[in-house]
Every structure is written in structure tokens, then in C-alpha cells.
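K.L.:
here's my sequence, what's the structure:
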Amino acid sequence: MATGIDGDSYAGQPPYGPMSAPLQGKELPTFRYALGAAPNIPRDGGWSKEATVVNFPVSEKLAGVLMQLEPGALRELHWHANAAEWAYIIRGRCRVTTIDPQDQCEIVDFSEGDVWYFPRGHGHSIQGLGPGPCEFILIFDNGYFSEFGTFSITDWIGHVPAEVLAKNFKQPAATFANFPKKEVYLVKGPVPPPLPADPAPGSLNAPPETHRYRMLAQKPQEFPGGSMRIVSRKEFPISTTMTGALLRIKPGALRELHWHPNADEWQYYIKGRARMTVFGSGGRARTEEYGPGDVGYAPQGFGHYIENIGDDELELVLAFNDGEYQSISATAWFAANPPELLATNFGVPASTFAGFPKGETPMPD
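P.N.:
Predicted structure coming up:
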């Protein structure tokens, strides 16, 4: 039974207050999911696998899909009814097509280090360009999103009577006789030709904001312990509901103690070995180790840090379910308060804090 500051008891309430079901226990749940080690779901020309609340219950606000496309393989025309999509290209090249509610279209090629963002409900497709496979991580701003709930064009057209399709597209009903009767999801085809250097006169109907951001072309923020690139709606205006980041942390270095007041954090580890501790109030903290292919998660407002515990550089992609990036660090908070106040708070002499950093230190070495 929890007891309030004034001594009142609150039957049934835990000492850290009411929380969502995955976070209600006396011990924090796992914040790690081994997505890379999960079995691939084979497709015609590629594979995919996902992390949602079904297999990663703590990830209520964000979900992810790891996908690979062979050259020419097409992730068919589709849309997502319950989530926006943010992606990072890990390796390879692909072509993306999009359409928005104003019937504005964009066709863009993506390479390693590029990012895309599709607002919720916007139609799109993805096709591998070669020469090798294209691998990317897709992150969605809803933990209940699933690739199995995608709205695919073949699935839809396959369930519309031919006579209705004939009226809709102004074509004979026989035109649709050989169309698929069920979802194809991913299909192998020829590698498309290069895009023209310039569109034909009068043919352009592109949206005012591009769906591509070249993250690796961005000048990183450099720190003693590594570097950080942040892509929020400030840098990438179309990305209104999500922010992304790329962290590279040197061996032995640290992404300092901090929390995000406005968003949950979803992580995908590309290379290296890491240790993350998440603090959840009420004396609860959980420390876990991460490696390539792992997914990590820090709920909104939960304090955490990431430490490189390997011999090589640590690289990971982060995504947040808010278009504005916000972070509050422990070092900045200490620096903002008088030493006398800190002395009272921690029960130590004020001189203890003389050598502490004078501001935020995002990645100390």
C-alpha cells in the first residue's frame, strides 16, 4: 500500500504512481528486443520482420520493421492508416514513390544514410535499385502498428468487383481479369531505369516539402566521446510527428544521463556493443546490454544513459514520437543550481561540486 506525503494511504497504488500496464510492476520490464535475431519473414525478393507491442510490450508508442529488398524487388503501393513512417537506409539503394492528399507526387532515389518520412495515410512504394540488397529500418509513431495491417493496393483492388473497377478506371472489365486476387506485399521485378535529370516541361506536380533528408550529409555535432546528428521538423519540415538521430559513440564513452520530456525513444543498434540503464522512479532501474540488430526503448520522461562497452565505435539510430527534439541532461541540471543547494540535496560539502561540468556534456569520453 502506497503512502502519500501527508501520511495518507492509497490502496492498490504502487509507490511510483499509476502507470501503463507494461510499466506497473515492482521491477521494470525489459527495454531490449533482439529484432536482428528474430526469424526473417521471407518475401518474393526480400524479407522483413517487426517489433511491436505484441513481441516488445514496453514499446507502446513506437514500432519498427527491419526490411531488405533485392534489386528490382518492389514493396508494393500501400499506405498506413494508423501511423506515420520514418526510415533510415542502413545499406544499399532504393527508389520511393509517394502521393499526398493534394495528389502531389514525388519519385526519389535513396542511398545509405538517407532518411524518409511519410505522414500517416500517404500512399507510397519502395523498390530496390541494386547493385546489392537495400536494407533499412522503418519506425512508426504507434506501437500498435503492424506490417500485417498495411493497406495494400493489390489487396484492395482484388476485393473490388470487376464491373466497379471498369466504371472507376474507365476500362473494360476484362482489363482486370489477371490482376492479383490477394495482397502481393512484395514482388520481384526489373530494376527501374535511372530517373531523368530534369522532368519534362509541364510534368512536375511535386509536393512543396520533399520526403527525403540526407542525414549523413548533415554536419554532425562533435563531442569528446562521439558525434550526433539530429533530424527534427526543424531540419526536415515534413517530419511533423517524428524526430530521428544518428549517434556514434567512441569506445568507453557515454551518452550522458538525460531524459526526453516530450517523447519516447526507440533505438536500433547498427554496430558495436552498448549498455543502457533506464530509471523509472520508485527505486526502479534496469540495466541491459545491446548489440547489432537489437532494439532499445526509453519511455517518455524516463532517465537513461548509453555506454559504449566494446572495443569499436558504437552506432545506433534513434527515433522519437514528436517532431521537436527535446532533451534535459543531468549535467546541465547540476550546473544550473548553486553548489549550496546541491550540498543540501545530497548531504555533502558544497566543495564537492567545484569540478563538475559547467553545462551539458552530451557525450563525455
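
K.L.:
from now on I want contacts and neighbour counts done on CA atoms only, so please keep to that.
P.N.:
OK.

K.L.:
now residue 210: closest residue in space, sequence neighbours ignored.
P.N.:
Spatial nearest neighbour of residue 210, chain neighbours left out: residue 238 (7.1 Å); criterion: Cα to Cα, 6 or more residues apart in numbering.

K.L.:
over to the residue in the chain sticking out farthest from the centre: give its phi and psi.
P.N.:
Centroid-distance maximum for the chain: residue 172 at 43.7 Å, with Cα atoms, centre = their mean. Backbone dihedrals for residue 172, given as degrees, to the nearest 10, come out at phi -60, psi 150.

K.L.:
that one contacts residue 166, doesn't it?
P.N.:
Yes: look at residue 172 against residue 166 with Cα atoms under 8 Å: they come within range, at 5.4 Å.

K.L.:
follow-up on the earlier one: quick one: contacts for the residue nearest to residue 210?
P.N.:
Taking Cα atoms under 8 Å, 6 or more residues apart in numbering, we find residue 238 in contact with 117, 119, 209, 210, 211.

K.L.:
recalculate using a threshold of 10 Å.
P.N.:
Residue 238 sits next to 116, 117, 118, 119, 208, 209, 210, 211, 212, 213, 232, 323 when contact means Cα atoms under 10 Å, 6 or more residues apart in numbering.

K.L.:
now do residue 152
P.N.:
Contacts of residue 152 by Cα under 10 Å, 6+ apart are 75-80, 123-125, 158, 182-185.

K.L.:
quick one: mean pLDDT over stretch 99-109.
P.N.:
Average pLDDT, stretch 99-109: 94.

K.L.:
now do the end-to-end distance for it.
P.N.:
15 Å (Cα to Cα, to the nearest Å).

K.L.:
buried set for it?
P.N.:
Residues of stretch 99-109 classed as buried by neighbour count (16 or more other Cα atoms under 10 Å): 99, 100, 105, 106, 107, 109.

K.L.:
any residues touching it, and which ones?
P.N.:
79, 93-98, 116, 118-129, 194-195, 204-212.

K.L.:
any weak-confidence spans in the stretch 51-200 of the chain?
P.N.:
Confidence mapping of the stretch 51-200 of the chain against pLDDT under 70 gives the ranges 199-200.

K.L.:
tell me where it has strands.
P.N.:
In the stretch 51-200 of the chain, the segments counted as strands under DSSP state E, counting those that start in this stretch are 63-69, 73-79, 85-91, 94-99, 105-110, 114-118, 123-128, 134-140, 151-152, 186-188.
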